[in-house]
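Here is a sequence together with a model predicted from it:
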Amino acid sequence: MKALGILAGPRKGGATDSAVDSILKGIRDKGGETEKVSLYDLDIEPCTGCCACHRRGVCVIEDDHPPLIGKMAEADVVVMGSPVYWSNITSEAKKFLDRGLPFFEWGKMGPVRKARKPAKVILVVSCGAPFPFSHILGVVPGAVGAMKKFFGCTKAGIRTFC
């Protein structure tokens, strides 16, 4: 099994990073191969809305995004973790997901993944608001919802940890 961890938080060693590391360690302990990347270490430009990805199937922006999408397409499991910022994912996570259209092709009902993988997606969010206020106020559901919108199109099995 091949797992890719995507850290969308700026604090290495923080709550989100530690949670992603714990999940990846569990996969390694079961004999899996893991890799973790931090979006804050990569050069990922925001989407410009040029729609080239619709016409060509690839993004025309030359940065670190296409190789990461390639790694995601090869992984059996994707573990994506983001802290919650204003009831949503971080700006780095949003840039990554916004540019993710080349991972999909257009079907009759919208985007459908090109690759058979990932088969499973694990979403991790952390926030400073204590439970149950984190859920009552919509803080956690907003961030989880943003990631589920993207990964839901992959038809992968999704698990969430808050």
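That came through fine. Residues are numbered from 1 along each chain as shown.

Next, count neighbours for C59.
Residues lying near C59 (other Cβ atoms under 10 Å) number 20. For the C-beta atoms, the positions are set from N, CA and C on the backbone; glycine is no exception.

Please report the distance of it from G157.
Separation of C59 from G157 (Cβ to Cβ, to the nearest Å) stands at 27 Å.

Report all helices and strands that the helix or strand K36 falls within contacts.
Assigned by DSSP states H and E, K36 falls within strand 33-38. Helices and strands touching strand 33-38, as assessed by 3 or more Cβ pairs under 8 Å, 6 or more residues apart in numbering; DSSP states H and E, comprise strand 2-7, helix 15-29, helix 65-74.

Check what pLDDT the nearest residue to C50 once chain neighbours are set aside gets.
Excluding its sequence neighbours, the residue lying closest to C50 (Cβ to Cβ, 6 or more residues apart in numbering) is V60, at 6.7 Å. The model reports V60 with a pLDDT of 91.

With A119 instead?
According to the model, A119 carries a pLDDT of 86.

Just confirm it contacts V78, I think it does.
No. Using Cβ atoms under 8 Å, A119 is not in contact with V78, being 9.5 Å away.

list residues touching both of these two?
Here A119 and V78 share the contacting residues A156, scored by Cβ atoms under 8 Å, 6 or more residues apart in numbering.

Have a look at these two and say which one is more surrounded.
V78 (23 against 14).

any idea of the angle the one helix or strand the more buried one maps to forms with helix 15-29?
Using DSSP H and E, V78 falls within strand 77-83. Angle between the axes of strand 77-83 and helix 15-29 is 160 degrees (criterion: axes from the mean of the first three to the mean of the last three Cα atoms, to 10 degrees).

So for the very next helix or strand once past strand 77-83, what gets flagged as buried?
On the C-terminal side of strand 77-83, the closest following helix or strand by DSSP H and E is helix 91-98. Using 16 or more other Cβ atoms under 10 Å as the test for burial, helix 91-98 gives E92, A93, K94, K95, F96, L97.

Give me the contacts around helix 91-98.
For helix 91-98, the surrounding residues in contact (Cβ under 8 Å, 6+ apart) are 6, 8, 10, 39-40, 44-47, 65, 68, 80, 82, 85, 88-89, 146-147, 150.

let's see 6 Å
Residues from elsewhere that reach helix 91-98, judged by Cβ atoms under 6 Å, 6 or more residues apart in numbering: A8, L39, Y40, I44, P46, C47, S82, F150.

The third one - nearest residue in space that isn't next to it in sequence?
Nearest residue to Y40, sequence neighbours excluded (Cβ to Cβ, 6+ apart): P10, at 5.0 Å.
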